[in-house]
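Predicted model follows, preceded by the sequence.
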Protein chains: 4
Amino acid sequence: MPKLAYLGPQGTFCEAALRILVPGGERLPCANVTAALDAARSGEADGAVVPLENSVEGAITVTLDELAWGEPLLITAELLLPVEFSLLVRPGTEMAHIKRVYTHPAAITQCRNFLARELPDAVVVAAPSTAAAAQEVSMEDSPYDAAIGPAIAGEHYGLHELASSMGDRDDTVTRFVRVSRPGVLPEPTGADRTSLVAFLRDDHPGALLEMLSEFSVRGVNLTRIESRPTGDGIGHYFFHFDAEGHVAEARVGEALSGLHRLSADVRFLGSYPRADRVSPQLRSGTTDPDFSEAADWIARIRSGRV
Amino acid sequence: MPKLAYLGPQGTFCEAALRILVPGGERLPCANVTAALDAARSGEADGAVVPLENSVEGAITVTLDELAWGEPLLITAELLLPVEFSLLVRPGTEMAHIKRVYTHPAAITQCRNFLARELPDAVVVAAPSTAAAAQEVSMEDSPYDAAIGPAIAGEHYGLHELASSMGDRDDTVTRFVRVSRPGVLPEPTGADRTSLVAFLRDDHPGALLEMLSEFSVRGVNLTRIESRPTGDGIGHYFFHFDAEGHVAEARVGEALSGLHRLSADVRFLGSYPRADRVSPQLRSGTTDPDFSEAADWIARIRSGRV
Amino acid sequence: MPKLAYLGPQGTFCEAALRILVPGGERLPCANVTAALDAARSGEADGAVVPLENSVEGAITVTLDELAWGEPLLITAELLLPVEFSLLVRPGTEMAHIKRVYTHPAAITQCRNFLARELPDAVVVAAPSTAAAAQEVSMEDSPYDAAIGPAIAGEHYGLHELASSMGDRDDTVTRFVRVSRPGVLPEPTGADRTSLVAFLRDDHPGALLEMLSEFSVRGVNLTRIESRPTGDGIGHYFFHFDAEGHVAEARVGEALSGLHRLSADVRFLGSYPRADRVSPQLRSGTTDPDFSEAADWIARIRSGRV
Amino acid sequence: MPKLAYLGPQGTFCEAALRILVPGGERLPCANVTAALDAARSGEADGAVVPLENSVEGAITVTLDELAWGEPLLITAELLLPVEFSLLVRPGTEMAHIKRVYTHPAAITQCRNFLARELPDAVVVAAPSTAAAAQEVSMEDSPYDAAIGPAIAGEHYGLHELASSMGDRDDTVTRFVRVSRPGVLPEPTGADRTSLVAFLRDDHPGALLEMLSEFSVRGVNLTRIESRPTGDGIGHYFFHFDAEGHVAEARVGEALSGLHRLSADVRFLGSYPRADRVSPQLRSGTTDPDFSEAADWIARIRSGRV
């Protein structure tokens, strides 16, 4: 039974993601993303589940930077988890009793309407994480009457769920990824994603355009681009790319090879099934049989059998 | 004398940036970036100074999102401020006395070598900001012996600077911008930058490539690209661009017009002098006289005077 | 009543084209394309009609080079004329009598099936032009029994049309253009074509790609591209372009201006109604109102009225 | 000893080219380009030498079309031959005797200055070819006193060379190619050229731009592009390309494969040493070792050995 590290403490959205991605596994909560990834790197865990981006907050930059700079890890799966906030109280607490609410600032922002409507007079205090808020509220002598956090946090800390789906938007999601030490890649499924990081050889104007052309000319669509600082001063960036397809597919392999030749360095971060199961619309001439047929054609030409 | 809001409390790097950008002005410390920008929007202040990006941490996403979505503001100046950390103590404290250090997590990360070498046995505790850490340490009964923060924080809170330039890298900088309510733009200086935000009309493959082509075909180099989520789910992004040049220049104006025609929406965020005073290398055929000469040529053709 | 020069002698396809393009005009047959264009340049004629390209033979390079290098002329109209060959004989001649056929080599090639089927034993001799062949056959003492040429040649020289539509392909057409001395352009009709010639500034790799990008980024489709030697040695070319649209339209004007800035020289050859009356499918954001709206937007930005 | 067909009659520039390309070979003069190529196709000759383009007149379209549509042949060598015209007379004829000159119209155009200066009163008559003119003048009872043609024509027909290098430009050259039936390709020399023909899959706007991108993204420069009509009506073209490099090189092979996948059809016309011996400036990342290293990298990734 695999043991997976995750961004703790118990009761986080990340734990909820892990329970779905690896239902029967052992779970190792870690203090932060770096610690979770280090557990996977060292072998203390068989892998890790960490957040990569959120549909409202954007990239989780610590995850991006760890995957780019730290000891290599491969993404082997992804999950899109709806961010659903619940109002969590000690058993017996009723709505009218709530004077002080404790939660993470992102939750405060995302539940603004609920708080204004249902708890207009409550004081809302910032906590380091929603799970930590739930843990705090579970103490009998807590100065807080309620926490806002994932339902799973309520279960963990014996809290009662007084309200659910509190968020102003009901479509906020966080994308989590499962990572492992480098090894055999997941099999292509026809609806895959490939993640990578590319460092420019020389930071000339048009460099990003050239990078994107390596993908577009082979008919590989990009689903995400993030620039991150290299640390060498303002104006120096490297790039995270998510592309449609699996590196085992010819068009993706050739695009990555092209990017590799163009770049100072490319780090492959994994090819894995897409959570949304969407298969790409392949442009004519970019399927594996098309590449194979073209390779045969060139081989015939080179050998003089035109 | 102008009054400028900034990311407080007193003693932040942001205050240091403001003192350089607007030396004699009045200063209004605000609790967070949104509050500082709102002070500028409401007229409570004549403008604001806020951080936009850091050469190690990357974009300050709250600033990006406020400029993209909030009531419009224009960037009118920028500053690159070296991030220099000092070890700040109550007068009389010596190195050997320091058992507990208080500072922001980013400072912990960036001063890792100093701490390991000079204070290997000290406990280091995370604070909400470096200025807040300095303020806390200035209390006589503080449980902390030292703060790590900007020298300016030491001055504010009457602390002694026991060490300076503590960072592992001596080239870390933060880029701050001065913003104002929309109005007359700064004059072109020949070494300017233009910031803007663009929203895709339809999120098709190749859309970013098309956007970049609008710049490259007019010889306008981009110095920064950030993707940010639109909030409409994973995979939906809009883009922040920094381009070389001033919107008053023909090539920049035509590129922005092209982007505007291509996009669902483009928000202009300002044209202002570059902090580094670097003038762009203009490609042949892209100067203002080149555009003017071409416009005359087309006018002659259209009027039948070939 | 206008007087138009054309590629003679009387009875050419070019005369047929002229009769359609300028029905009531006076006609001046000229010995070759250069002479016809020179008649227009000198004022001896009010314009000229000459062939530009043929759907089987390709470009008429003498016309391309005259328009590129000679005293400037503007194309003001075009016509697509089906190339239909007739078997022309002196009255009284019957099929069985035909032993010797006289015509231009292009007609020999294009009527190969007819000749093999109907006149398998006839000797076919090459003539300088189909009209000249008809003229020769019209002589009582001609050694030839039949000419192959346009029906109009038969009318001119009093010949009988023994067969028509003799060509192997029934869809061969020649594109003729009417040219005039520079002056007021034809009004835009919504289905126009613009012709031009561009000379590279420096003949670097990728130069043609850059030229094409000036069109594509403004959504202007090209319908024809011809490379021609500059005369400065193998490997040095200039380019003829036909683009969809009229120079009075914003997207075409901006594309031409961009090409002008990029190139050593651009010669405008005219904007005129398309013979096929096909209106271009305009890409979103490239109509005149789109350009106008974007220009207003930039003007507001530049004046500080964001 | 190989037998090579060429564009006759004896004494043409084409024969001069053949004598340089295949010094000791047997020579078979043919009536036209098609006949010369057919001799190579049928095995009557071991190959053929034909003109491909001229630095003043442009492409020899019959050669382009034969290579594109006829039974396949491969270009195995090229030659740039200066076009030098000589004034050829029967022995005993002096300058003052020359009243009537016979030559091909292209020679008339290119020797205009000489004729105006040295033979202002001579009548100049058009001949079907310069070699045919020399042959005619060699007859004792010829109505012509002089021919203009290549020196080699004078040798063949026993004429005296009264003047040489008569052309107005001294840098006019014709590019000749040697073609053979498909077979083993010439070895790469580091300074090679690759010729091919590509037919669009669907004739959409931007199709040529896409084709050019297949080359440019792999750093393969094009040295010649010719559009030719497909025969299916005005506006329908296919393309001849000459590219730098040999198909045995990785960047050329991948570019051709990409073009093949993109196109309805691509016909390879040969890889052969450049006449000018110019080696391409390879962009960083496009050498064979770069491709090989990238292929290894992808192979490691695919096998899980990151």
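Looks like it arrived, so ask away.

contacts for the lowest-mean-pLDDT helix or strand in chain A?
Taking mean pLDDT, DSSP states H and E as the measure, the helix or strand of chain A with the lowest value is helix A:105-110, at a mean of 88. With CB atoms under 8 Å, 6 or more residues apart in numbering or on different chains as the test, helix A:105-110 has contacts from A:56-57, A:83, A:85, A:115, A:124, A:126, A:130, A:148-149, A:167-169, A:172. Where C-beta positions appear, they are placed from N, C-alpha and C, glycine not excepted.

In those, which residue is surrounded by the most others?
Counting neighbours by other CB atoms under 10 Å in any protein chain shown, the top entry in the contacts of helix A:105-110 is residue A:149, with 32 neighbours.

so what's it bridging to?
Listed by DSSP bridges, the beta-bridge partners for residue A:149 are residue A:86.

So it sits against residue A:85, correct?
Yes: contact criterion CB atoms under 8 Å: residue A:149 and residue A:85 qualify, at 6.7 Å.

which residues are in contact with both of these two?
Residues touching both residue A:149 and residue A:85 (CB under 8 Å, 6+ apart) are A:103, A:107, A:130.

what's around the second one, how many residues?
Residue A:107 has 26 neighbouring residues, counting by other CB under 10 Å.

go on, residue A:220?
For residue A:220, the neighbour count with other CB under 10 Å is 27.

now do residue A:292
Using other CB under 10 Å, residue A:292 has 11 neighbouring residues.

can you confirm it is in a strand?
No: looking at residue A:292 with DSSP: H, G, I helix; E, B strand; the rest coil, it is helix, so not inside a strand.

got a list of what it touches?
With contacts defined as CB under 8 Å, 6+ apart, the neighbours of residue A:292 are residue A:250.

one step back: among the contacts of helix A:105-110, which are in helices?
Among those, the members found in helices (DSSP state H) are A:115, A:130.

which stretches of the stretch 51-200 of chain A form strands?
Along the stretch 51-200 of chain A, counting by DSSP state E, counting those that start in this stretch, strands occupy A:58-59, A:74-82, A:86-89, A:100-103, A:123-126, A:146-149, A:160-163, A:173-180, A:192-200.

could I get those strands as CSV with mean pLDDT?
CSV is the format used below for the strands of the stretch 51-200 of chain A (pLDDT from 0 to 100):
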stretch, mean pLDDT
strand A:58-59, 94
strand A:74-82, 97
strand A:86-89, 97
strand A:100-103, 95
strand A:123-126, 90
strand A:146-149, 96
strand A:160-163, 96
strand A:173-180, 97
strand A:192-200, 97
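
which one is residue A:294 nearest to, not counting chain neighbours?
Nearest residue to residue A:294, sequence neighbours excluded (CB to CB, 6 or more residues apart in numbering or on different chains): residue D:257, at 4.0 Å.

Can you tell me how far the spatially closest residue to residue A:103 that is not a sequence neighbour is from chain C?
Among residues not flanking residue A:103 along the chain, residue A:148 sits closest, at 3.7 Å (CB to CB, 6+ apart). In this view, residue A:148 and chain C are 38 Å apart by CB to the nearest CB, to the nearest Å.

Show me how the record splits chain A into domains.
Following the assignment in automatic domain parsing, chain A carries domains at A:1-82+A:173-181, A:86-163, A:184-306.

Mind naming the longest strand for chain A?
Longest strand in chain A, counting residues (DSSP state E): strand A:263-273.

ok, and does it reach over to chain D?
Yes: using CB under 8 Å from any CB of the partner chain, strand A:263-273 reaches chain D at residue A:268.

Give the buried residues for that strand.
Using 16 or more other CB atoms under 10 Å in any protein chain shown as the test for burial, strand A:263-273 gives A:263, A:266, A:267, A:268, A:269, A:270, A:271, A:272, A:273.

Same list, the residues you listed, but only the ones touching chain C.
Among those, not one lies near chain C by CB under 8 Å from any CB.

Quick check: the residue nearest to residue A:103 touching residue A:111?
Yes: here residue A:148 reaches residue A:111: they are 5.8 Å apart, a contact under CB under 8 Å.

what touches both of these two?
Taking CB under 8 Å, 6+ apart as the criterion, residue A:148 and residue A:111 both touch A:85, A:103, A:166.

Nearest to residue B:241 among the residues you listed?
residue A:85 (33.7 Å; CB to CB).

what's the pLDDT at that closest one?
Residue A:85 is assigned 96 on the pLDDT scale.

Same check on residue A:304?
pLDDT at residue A:304 comes out at 87.

now swap in residue A:298 and tell me
98.

That one contacts residue D:252, correct?
No: in terms of CB under 8 Å, residue A:298 does not count as a neighbour of residue D:252; the distance is 9.3 Å.

From the neighbour counts alone, determine which of those two ranks first.
residue D:252 (27 against 18).

State the distance from that one to residue B:156.
Distance, residue D:252 to residue B:156, by CB to CB, to the nearest Å: 66 Å.

How far does the longest strand of chain A sit from its chain's centre?
15 Å (CA atoms, centre = their mean, to the nearest Å).

same thing with stretch A:129-138?
What separates the centre of stretch A:129-138 from the centre of its chain is 23 Å, taken as CA atoms, centre = their mean.

mind showing which ranges of chain A have poor pLDDT?
Within chain A, the stretches with pLDDT under 70 are A:203, A:306.

ok, now which ones touch the residue positioned nearest the centre of it?
Per CA atoms, centre = their mean, the C-alpha nearest to the average position across chain A is that of residue A:52, at 2.4 Å. Residues counted as contacts of residue A:52 (CB under 8 Å, 6+ apart) are A:59, A:60, A:63, A:64, A:78, A:175, A:176, A:177.

Chain D: which of those is nearest?
residue A:177 (16.1 Å; CB to the nearest CB).

For that closest one, give me its contacts.
A:49, A:50, A:52, A:63, A:75, A:77, A:78, A:79, A:272.

same thing but at 7 Å, please
By CB atoms under 7 Å, 6 or more residues apart in numbering or on different chains, the contact set of residue A:177 is A:50, A:52, A:75, A:77, A:78.

Regarding the first one, what is its secondary structure?
Yep, that's residue A:50 we're talking about. Relying on three-state DSSP, one would call residue A:50 strand.

Surely it touches residue A:63?
Yes: in this structure residue A:50 lies within contact range of residue A:63 using CB atoms under 7 Å: 5.2 Å.

Pull up the overlap in contacts between the two.
Residues touching both residue A:50 and residue A:63 (CB under 7 Å, 6+ apart): residue A:33.

for chain D, what are the nearby residues on chain A?
A:72, A:74, A:182-185, A:201, A:213-214, A:217, A:247-248, A:253, A:256-258, A:260-262, A:268, A:284-286, A:290-291, A:294-295, A:297-298, A:301-302, A:304, A:306 (CB under 7 Å from any CB of the partner chain).

Quick check: the residue of the stretch 1-150 of chain A nearest chain D.
Closest residue of the stretch 1-150 of chain A to chain D, CB to the nearest CB: residue A:72 (5.9 Å).

closest to residue B:10 out of the domains of chain A?
For residue B:10, the closest of the domains of chain A is domain A:86-163, at 20.9 Å, according to CB to CB.

what distance separates the start and the end of the closest one?
Start-to-end span of domain A:86-163 (CA to CA, to the nearest Å) is 5 Å.

Show me what the longest strand of chain A is packed up against.
Contacts defined by 3 or more CB pairs under 7 Å, 6 or more residues apart in numbering or on different chains; DSSP states H and E place strand A:263-273 against strand A:74-82, strand A:192-200, helix A:250-262.

which of these sits most buried?
Counting by mean count of other CB atoms under 10 Å in any protein chain shown, helix A:250-262 has the highest mean neighbour count of the helices and strands packed on strand A:263-273, with a mean of 25.

Residues touching that one, excluding its own?
A:194, A:196, A:198, A:201, A:210-211, A:214-215, A:218-220, A:243, A:245-247, A:266, A:286, A:288, A:291, D:217, D:285-286, D:290-291, D:294-295, D:297-298.
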